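In: Prediction below, plus the sequence it came from.
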Amino acid sequence: METMGNAFEEAYALSINDKAAFWGQAAEGITWTRKWDTVLDESQAPFYRWFAGGELNTCYNAVDRHVENGRGAQAAIIYDSPITNTKRTITYAELQDQVSRLAGVLAAQGVTKGDRVIIYMPMIPESLMAMLACARLGAIHSVVFGGFAPHELATRLNDSTPKMVIAASCGIEPNRVIAYKPMLDEAIAQSTHKPDNVLIFQRPQAEASLDKAGDLDWASEMAKAEPHPCVPVAATDPLYILYTSGTTGQPKGVVRDNGGHAVALKWSMKAIYDIEPGEVFWAASDVGWVVGHSYICYAPLLHGATTVVFEGKPVGTPDAGTFWRVIAEHNVVTLFTAPTAFRAIKREDPDATFLKKYNLEHFRTLFLAGERCDPATIDWAEKILNVPVIDHWWQTETGWSIAANCKGLHLFPVKHGSPTRAVPGWDVQVLDENGHELEPGKIGALVCKLPLPPGTLTTLWKADERYKQAYLAEFPGYYKTGDAGFLDDDHYVYVMTRTDDIINVAGHRLSTGAMEEVLAGHPDVAECAVIGVADDLKGQVPLGFVCLKAGVATPPEKIAADCARLVREQIGPVAAYKQTVVVPRLPKTRSGKILRGTMQKIADNQDFKMPATIDDPGILPEIREALEEIGLAGHRVG
């Protein structure tokens, strides 16, 4: 074990002290059509470039080379859709055939290296094929979450100016079918930029009417397509644009390159997730989010593993045992999902009775990320699964983990509430508002020393100045994560809250995340959120929202009193925590992040815009009614 411990320490030290040696070695895991001139080009700092002068093709590395190396018959993608009752396995050889022909379809419509293509698709294998076909041509894809509202899609059309849009006819939720084509048509009508063509994959649940100029049918075009070879691109050329919400309402287009992205993601599969080629890895996310890009599509395929494309929910499709069924049926060795999924399972099935139906003999690790994971959820997952449960921390902008327990290098003791240590390549520090480094245990801004490792954002699409202003200006020489937290004496990272969620109670800066940790420890609480609401006397005071586990009969007022007592005992009277609202559910984005900012605006009587990423807008009136009952009420949505 000591030797393995040294493997992490040696890797980390080399990655910080000799970046070129560390990442140059990792890059040997990728096939290059031309080797790089320099591993790290710092000549245009703060716009750092990895593997400058190198050429490769991401699709070749994710598909073709595995066929050439004898993995053609191995499963590349397992599609499991309890919503449509469909299961399908696609081998690497079949994937190569489909992707090369789809690239031929795009090329026949004039798509070439550097062109943008918007992908508006649900959780089906064809979504991955569309991404890979773009990469095959050197075109730049921008995946927009299937079902996004026309206005939001129009802003992305205008910003990325795509030559084509690839879409499915519909997406399918547990109780409804969502037709995509009318929303796409409306978005194109609203946008100033008009794509040349729209390629539609028809799903039988709702076929689209292809009645607009430029509308193309996927099946018809594929039937006559010529397979297209992989086009080498510069390592520094963009692979994709992924839009993340911006504070100004204008989305930020995160740009990812080809070379650094392929190197970092391939390296991460073994070093962080401890996956061998040929094993089954499941990231239960959506292709519209960064997790879907990195760990449903690219990383598993770059590594020669098998990836699971799952169209369903953790509960309700059909029950709280769905995750266990998928793991057992497909011999999944590692699951990566959001804490909110496990909180939903825990809420519906606190005793894990469904788990007893399935044999999880091949399953060895659960990774959680997407939102800060409360220790109570990790503790529950550890007990029922009896495998390591690893919280790790990263962002849309970073593309992969900033901090994690790198299981393929050395499994450190898990400390609940911490995503363990900074991953090799990441120099994480904690600074105060004046940019001074804080001692262990002190909460401040979590930042990462520049240059960031490969695979991270290189800039924002057509917005270099905005990139510098948003991420680099506040702490010169560092990337601002926007998260607040601390490091302990063992170099473990603790992510407590977004810096926006530090509240000021009578001059005391307090973390709402720390309070949420306390509330989550209540035996009846399944999920919770704490926000700061305006207070005439103290500036701000905390307000808690809790959702209860299924079957809890404890009166809400008793739970509210318990929560106030627990916060007073564990954080102290300084928190001034008094009010707790029991609600049936919390408003979230489709990726599972709780919309605390929107809840705060409702509580503080501020107008707000309906968040584009909200999963169920019907929850907001429930929050407003709950707040009215305690004397707080908000304006109607603007």
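Out: Thanks, I have it. Residues are numbered from 1 along each chain as shown.

In: Okay, strands next: where are they in the stretch 1-150 of the chain?
Out: Counting by DSSP state E, counting those that start in this stretch, the stretch 1-150 of the chain has these strands, from start to end: 38-41, 49-52, 55-56, 75-81, 86-91, 116-121, 140-145.

In: Of these, which is nearest A168?
Out: Of all the strands of the stretch 1-150 of the chain, it is strand 116-121 that lies closest to A168, at 5.0 Å by C-beta to C-beta. C-beta: built from backbone N, CA, C; applies to glycine.

In: roughly how far is that closest one from the heart of the chain?
Out: Taking C-alpha atoms, centre = their mean, to the nearest Å, one finds strand 116-121 lying 18 Å from the centre of the chain it belongs to.

In: and that strand with strand 140-145, angle?
Out: Counting by axes from the mean of the first three to the mean of the last three C-alpha atoms, to 10 degrees, strand 116-121 lies at 30 degrees to strand 140-145.

In: Give me the mean pLDDT for strand 116-121.
Out: For strand 116-121, the mean per-residue pLDDT is 98.

In: Then stretch 424-435?
Out: Regarding stretch 424-435, the rounded mean pLDDT is 96.

In: residues in contact with stretch 314-332?
Out: 78, 80, 82-83, 174, 280-282, 284, 308, 310, 312-313, 335, 337, 341-342, 344-345, 347-349, 354-355, 357-360, 362-363 (C-beta atoms under 8 Å, 6 or more residues apart in numbering).

In: in that stretch, what counts as buried?
Out: For stretch 314-332, the neighbour count (16 or more other C-beta atoms under 10 Å) marks 314-315, 317, 319-328, 330, 332 as buried.

In: So which of the contacts of stretch 314-332 belong to helices?
Out: Among these, the residues falling in helices (DSSP state H) are 341-342, 344-345, 347-348.

In: ok, of those residues, which one's closest to P573?
Out: When the ones in helices among the contacts of stretch 314-332 are ranked by distance to P573 (C-beta to C-beta), R347 comes first, at 30.8 Å.

In: Skipping adjacent residues, who's closest to that closest one in space?
Out: Of all residues not flanking R347 in the chain, A526 sits nearest, at 3.6 Å (C-beta to C-beta, 6 or more residues apart in numbering).

In: Could you check how far the residue most central in space within the chain is from A283?
Out: Nearest residue to the geometric centre of the chain (C-alpha atoms, centre = their mean): V291, 3.6 Å. V291 is 6 Å from A283, where distance means C-beta to C-beta, to the nearest Å.

In: swap in D351?
Out: Going from D351 to A283 by C-beta to C-beta gives 27 Å.

In: try K357
Out: Look at K357 and A283: by C-beta to C-beta, they are 24 Å apart.

In: who's more crowded, those two?
Out: More crowded of K357 and A283, by other C-beta atoms under 10 Å: A283, with 26 against 11.

In: Isn't the more buried one up against I296?
Out: Yes - A283 is within contact range of I296, at 4.9 Å (criterion: C-beta atoms under 8 Å).

In: which residues do those two both contact?
Out: By C-beta under 8 Å, 6+ apart, A283 and I296 have these common neighbours: 307-308.

In: Next, the buried residues of stretch 528-540.
Out: Judged by neighbour count (16+ other C-beta under 10 Å), stretch 528-540 contains these buried residues: 528-533, 540.

In: Excluding its own residues, what touches it? List them.
Out: Here stretch 528-540 makes contact (C-beta under 8 Å, 6+ apart) with 374, 501, 503-507, 512-513, 515-516, 519-520, 541-547, 576, 586, 594, 596, 599-600, 603-604, 632.

In: what's the spacing between G114 and W393?
Out: Applying C-beta to C-beta to G114 and W393 gives a distance of 33 Å.
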